[in-house]
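S.K.: turn this into a model:
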Amino acid sequence: MSALNVARPGWMTEELDMLADAADKFFERECVPHYEKWEKDGIIERSAWEKAGQTGLLCAAIPEEYGGAGGTFAHEAVIIGSLGRAGVDSFGIALHNAIVAPYILHYGTEDQKRNWLPRLASGELIGAIAMTEPGGGSDLQAIKTSAVRDGNQYRLNGQKTFITNGQHANLIVLVAKTDPSEGARGTSLIIVETDEVEGFKRGRNLDKIGLKAQDTSELFFDDVKVPTANLLGDEEGRGFYQLMEQLPQERHLIALQAMAMIELALEKTIEYVKQRKAFGKAVMDFQNTQFKLAECKTEATIARVFCDHCTGLLIEGKLDATTASMAKYWLTDLQCKIIDECLQLHGGYGYMNEYPIARMYADARVQRIYGGTNEIMKVLIARSL
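M.R.: This next block holds a predicted model:
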């Protein structure tokens, strides 16, 4: 039950209600009981991916002819909400579903779509996108990973870091330079099936502040050879434009993750302060608690309305880069602010990992960094002024 009282968005349907119910039950049954172990292991079990595929929670927005459920981004938004409600935000299916698969759907050839999308939908393939390099984060034009054409193959050389699903991924959308002299116009996206190549290595499963169950990794490409048919689309040099076209969806996805965690933090905190006693009465009875939660609920309500509005725009193909940047920066800033307030209301227990709010606090911080830092979001918004 949400702590917010927000009208149902127009894009929500009875079918999506059924999906939300199925997803809620799946994550509670298949993920929540194992999540503490997965955090200690630093990775989600592969079997969870396969079960998600069997349940129809992978590639829900991919057309049925390519193995998906034939839905829209609304289906992905519902699944992201269910992940948040269950508190299993380290499970990297949102990136797999709403970032990796759409690149292939929108830019892949017919053969590429029929080859890769059904296996992504089943969980046979787990997707990742390799953009970031050790020498730079948000500056995608400055990447050094190279893809040199050699007959009917590309030779790939370079290093990537902070790659979500990095230990599991066996299909990687690699951002590489096919023509370094052309700057952004020399960038291409190349698909690497890791089980089919030599010279590919996974580095460390990185030790992070939060998202402990997410296998975030370094990847190394040492003269890896892939067919030229693995170029995403049929023309070199389109990679930067493909990335720019898809970034609004990625950034709104991050905003939706923030919104789900905000609602969960409020629900858990309201429940806690009603039960916790101090000075002979419930913590909820103190005016400071009421005022803090009133502020949080107000800001969260505004955020939910804006998120639902942006989801509607995205479904209609109208979400522009500026608005997506607003959603990403403002929601993730708000996520960190509200979770910090909620942790404070837990007192000392809020700092203990046995309480969900502590994990939410650690998990939230990276949201302001990945997908483009919030400082970059403000630069992009400022350009529209």
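
S.K.: then Leu156 would be within a strand, right?
M.R.: Yes. Counting by DSSP: H, G, I helix; E, B strand; the rest coil, Leu156 is part of a strand.

S.K.: in the stretch 51-200 of the chain, where is pLDDT below threshold?
M.R.: Applying pLDDT under 70 to the stretch 51-200 of the chain flags residues 136-138.

S.K.: the helices in it, which residues?
M.R.: Remark: helices assigned in the stretch 51-200 of the chain by DSSP state H, counting those that start in this stretch are 73-86, 93-95, 101-107, 110-122.

S.K.: in CSV, list those along with mean neighbour count.
M.R.: Bear in mind the C-beta positions are built from the backbone N, C-alpha and C, glycine included. Below are those laid out as CSV (neighbours: other Cβ atoms under 10 Å):
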stretch, mean neighbour count
helix 73-86, 25
helix 93-95, 24
helix 101-107, 22
helix 110-122, 18
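
S.K.: what's near enough to touch Arg185?
M.R.: Taking Cβ atoms under 8 Å, 6 or more residues apart in numbering, we find Arg185 in contact with Asp179, Gly237, Phe240.

S.K.: now the residue sitting furthest away from the middle of the chain: how far from Gly81?
M.R.: Of all residues in the chain, Gly280 has its C-alpha farthest from the mean position, at 43.3 Å, by Cα atoms, centre = their mean. Per Cβ to Cβ, to the nearest Å, Gly280 is found 38 Å from Gly81.

S.K.: tell me, how many residues neighbour Glu39?
M.R.: Look at Glu39: counted by other Cβ atoms under 10 Å, it has 18 neighbours.

S.K.: local confidence estimate at it?
M.R.: Looking at Glu39, its pLDDT stands at 96.

S.K.: give me phi/psi at the closest residue to it other than its chain neighbours?
M.R.: Excluding the flanking residues, the one nearest Glu39 by Cβ to Cβ, 6 or more residues apart in numbering is Lys212, at 4.0 Å. The phi/psi pair for Lys212 (degrees, to the nearest 10) reads phi -60, psi -30.

S.K.: my read: Lys212 touches Ser90, true?
M.R.: Yes. The criterion here is Cβ atoms under 8 Å, and Lys212 meets it with Ser90 at 6.6 Å.

S.K.: which neighbours do the two share?
M.R.: Contact criterion Cβ under 8 Å, 6+ apart; residues shared by Lys212 and Ser90: Glu39.

S.K.: these two: which has the busier surroundings?
M.R.: Ser90 (24 against 21).

S.K.: does the more buried one touch Gln257 like I think?
M.R.: No. Ser90 lies out of contact with Gln257 (Cβ under 8 Å); the separation is 11.0 Å.

S.K.: dump stretch 353-373 to CSV, restricted to CA.
M.R.: Extracted in CSV, the C-alpha atoms of stretch 353-373 (Å, rounded to 0.1, in the frame of the first residue of the first chain):
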residue,chain,number,x,y,z
ASN,A,353,22.1,-2.8,8.2
GLU,A,354,19.4,-5.1,9.6
TYR,A,355,16.9,-2.2,8.9
PRO,A,356,15.9,-1.7,5.2
ILE,A,357,16.4,2.0,5.4
ALA,A,358,20.1,1.6,5.9
ARG,A,359,20.4,-0.4,2.7
MET,A,360,18.3,2.1,0.9
TYR,A,361,20.6,4.9,2.1
ALA,A,362,23.7,3.2,0.7
ASP,A,363,22.0,2.1,-2.5
ALA,A,364,20.6,5.6,-3.3
ARG,A,365,23.9,7.5,-3.6
VAL,A,366,25.0,6.2,-7.0
GLN,A,367,21.7,7.2,-8.6
ARG,A,368,23.0,10.8,-8.8
ILE,A,369,26.1,9.6,-10.7
TYR,A,370,25.3,6.9,-13.3
GLY,A,371,23.3,7.6,-16.4
GLY,A,372,25.1,10.9,-16.5
THR,A,373,25.9,12.8,-13.4
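
S.K.: any idea which of the contacts of Arg185 has the most stuff around it?
M.R.: Within the contacts of Arg185, Phe240 tops the neighbour count with 20 neighbours, counted by other Cβ under 10 Å.

S.K.: please name the nearest non-neighbouring residue to Thr13.
M.R.: Ala74 is the one closest to Thr13 (Cβ to Cβ, 6+ apart), at 7.7 Å.

S.K.: contacting residues for the one you found?
M.R.: Trp11, Met12, Thr13, Leu16, Thr311, Ile315.

S.K.: buried residues in the longest helix seen in the chain, which are they?
M.R.: Ordering each helix of the chain by length in residues (DSSP state H) puts helix 239-275 first. Neighbour-count burial for helix 239-275 flags 239-240, 242-243, 246-270, 272-273 (criterion: 16 or more other Cβ atoms under 10 Å).

S.K.: what angle sits between that helix and helix 73-86?
M.R.: Orientation check (axes from the mean of the first three to the mean of the last three Cα atoms, to 10 degrees): helix 239-275 against helix 73-86 gives 40 degrees.

S.K.: and helix 239-275, average pLDDT?
M.R.: Across helix 239-275, pLDDT averages out at 96.

S.K.: can you check stretch 296-309 too?
M.R.: 97.

S.K.: list the contacts of it.
M.R.: Contacting residues not belonging to stretch 296-309 are listed as 3-6, 9, 11, 255-256, 258-259, 262-263, 266, 327, 330-331, 334, 337-338, 341-342 [Cβ under 8 Å, 6+ apart].

S.K.: next, count neighbours for Gly348.
M.R.: By other Cβ under 10 Å, the residues close to Gly348 number 7.

S.K.: again, but for the one 3 residues further on
M.R.: By the other Cβ under 10 Å criterion, the neighbourhood of Tyr351 contains 13 residues.
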